[in-house]
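[1] what's the 3D shape of this:
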Amino acid sequence: MSMKNKKILVGASAGISIYKTCLLVRLFIKQGVEVRVVMTENAAKLISPVVFRSLTRSPVYISMFDSEEGLEHINLAKRADVFVLAPATANTIGKIAHGIADSLLTTIILALPEKTPLLIAPAMNDNMWKNVFVKENIAKIRQRKNYYIAGPKTGVLADGTEGEGRMAEPEEIFKVVKKILENEKKRFKK
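    You can find the predicted model right below:
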């Protein structure tokens, strides 16, 4: 299936694995996908929005009040064929699970039409990933129709230890998105 002309919204929360998100965006762009990026304010402290703007040749969205119109969250949510959240921190996962919309990123997720798939790629320290609250939040998210989880993987983490919590590799996330789009196409042909 060709991904050309698909519209993918990539969300990035503040995880050190955000560098992998740049590679993921490049994979989408090479396939002719229109990519827009939304970042949390803390994610913008880890990597400059200029990087994503250069990769996508599109604006990067950070604040609820970046535009005069003030409806960015609705407009971006409506136009996405898929929303990919990579990296997804424990904090952002908790907000999604409980319907908290205190940033542009989480507000867009709440505004997504029910038919729009959301792929979440968790990334955090293994102790955080094993935390009972994170497990409960992931279980709650898994119950949602059209919400998918990719990872996390086991390997060397940001603090130098080895454990489960590494964000899935960009190629793996790309394959999952492609499969989601194929399944969506089949579902709507019926």
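[2] contacts, neighbours, all on C-alpha from now
    Fine.
[3] Check this protein for its longest helix and report it.
    For the chain, the helix with the greatest residue count under DSSP state H is helix 170-189.
[4] how distant is it from the center of its chain?
    Relative to its parent chain, helix 170-189 has a centroid offset of 15 Å by C-alpha atoms, centre = their mean, to the nearest Å.
[5] Same check on stretch 97-115?
    Remark: stretch 97-115 is offset 12 Å from the chain centroid, using C-alpha atoms, centre = their mean.
[6] Same check on stretch 148-167?
    With C-alpha atoms, centre = their mean as the basis, stretch 148-167 stands 16 Å off its chain's centre.
[7] what sits against the nearest residue to Ser2 once chain neighbours are set aside?
    Nearest non-adjacent residue to Ser2, counting by C-alpha to C-alpha, 6 or more residues apart in numbering: Gln31, 7.6 Å away. By C-alpha atoms under 8 Å, 6 or more residues apart in numbering, Gln31 lies in contact with Ser2, Met3, Lys4.
[8] In contact with the residue positioned nearest the centre of the chain, which residues?
    With distances taken as C-alpha atoms, centre = their mean, Leu85 lies nearest the centre of the chain, 0.9 Å away. Applying C-alpha under 8 Å, 6+ apart, we find Leu85 in contact with Val10, Gly11, Ala12, Ser13, Leu118, Leu119, Ile120, Ala121.
[9] For the strand or helix carrying Ile96, list the C-alpha coordinates in PDB.
    Assigned by DSSP states H and E, Ile96 belongs to helix 90-97. Provided in PDB are the C-alpha atoms of helix 90-97 (Å, rounded to 0.1, in the frame of the first residue of the first chain):
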ATOM      1  CA  ALA A  90       4.800   8.300  31.400                       C
ATOM      2  CA  ASN A  91       3.400  11.800  32.100                       C
ATOM      3  CA  THR A  92       1.800  12.100  28.700                       C
ATOM      4  CA  ILE A  93       0.500   8.500  28.800                       C
ATOM      5  CA  GLY A  94      -1.200   9.300  32.200                       C
ATOM      6  CA  LYS A  95      -2.800  12.400  30.800                       C
ATOM      7  CA  ILE A  96      -4.200  10.500  27.800                       C
ATOM      8  CA  ALA A  97      -5.500   7.700  30.000                       C
END
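[10] Which strands and helices lie in contact with the helix or strand just after it?
    Next along the chain after helix 90-97, taking DSSP H and E as the criterion, comes helix 104-111. Secondary-structure packing of helix 104-111 (3 or more C-alpha pairs under 8 Å, 6 or more residues apart in numbering; DSSP states H and E): strand 34-39, helix 72-79, helix 90-97.
[11] redo that, cut-off 7 Å
    helix 72-79 (3 or more C-alpha pairs under 7 Å, 6 or more residues apart in numbering; DSSP states H and E).
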